[in-house]
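Colleague: predicted model, plus sequence, below.
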Amino acid sequence: MYYDKFTVSSTSATGDQEYQLILVGNEAGITQLLIDNGTKAIHISADWQHSSTYFNDAKQQLREYFNHIRKGFDLKLNPAGTVFQRHAWQQLTKIPYGETRRYKDIAAGLGNPNASRAVGMANNKNPIPIIIPCHRVIGANNKLVGYAYGLELKQQLLSLEQYL
């Protein structure tokens, strides 16, 4: 397993931001994208090997996203999760850039409109945020609710996608 920690910068309606990101993965694809913003404990396993070049394509695409050049990602992903979680995460990748969906919309897309809470739990366990855009999912009342890295970051990401 390889990892690399790097910084990206962006400008949005909420101002200039800098983000510390950590990519983790192997030949099968990216397994994690960690955001070092102080909201969650970040653990770099002793088994992981640092590589400043292994994720060059992913780092470039993330920089383009944060600089309003890229609206989607073309990367090999390998998130670990249950079958339901993986299906929920796949639904998230269908939410267009700059748009939001409610948890119940994602549940309906999975064929179970009553699975909103399960979708919320799957979102919370999303190991590859931003690339798998769980920040684009909002509550039934169209308000920002729940984000593993904090609502402030969720608002920043949504503002980034609305910035012209």
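Modeller: Received it, and whenever you're ready, just let me know what you need. Numbers count the residues shown, from 1 in each chain.
Colleague: start to end distance for stretch 63-79?
Modeller: Taking Cα to Cα, to the nearest Å, stretch 63-79 runs 21 Å from one end to the other.
Colleague: pretty sure residue 136 sits against residue 102.
Modeller: No. The pair residue 136 and residue 102 does not pass the contact test of Cβ atoms under 8 Å, sitting 10.3 Å apart. In this view, the C-beta of every residue, glycine as well, is placed from N, C-alpha and C.
Colleague: so for the two, which residue has more residues nearby?
Modeller: Set residue 136 next to residue 102 and count neighbours by other Cβ atoms under 10 Å: residue 136 wins out with 21 against 17.
Colleague: excluding its backbone neighbours, what's nearest the more buried one?
Modeller: Spatial nearest neighbour of residue 136, excluding adjacent residues (Cβ to Cβ, 6 or more residues apart in numbering): residue 95 at 4.5 Å.
Colleague: list the contacts of that neighbour.
Modeller: If a contact means Cβ atoms under 8 Å, 6 or more residues apart in numbering, then residue 95 has 101, 133, 136-137 as its contacts.
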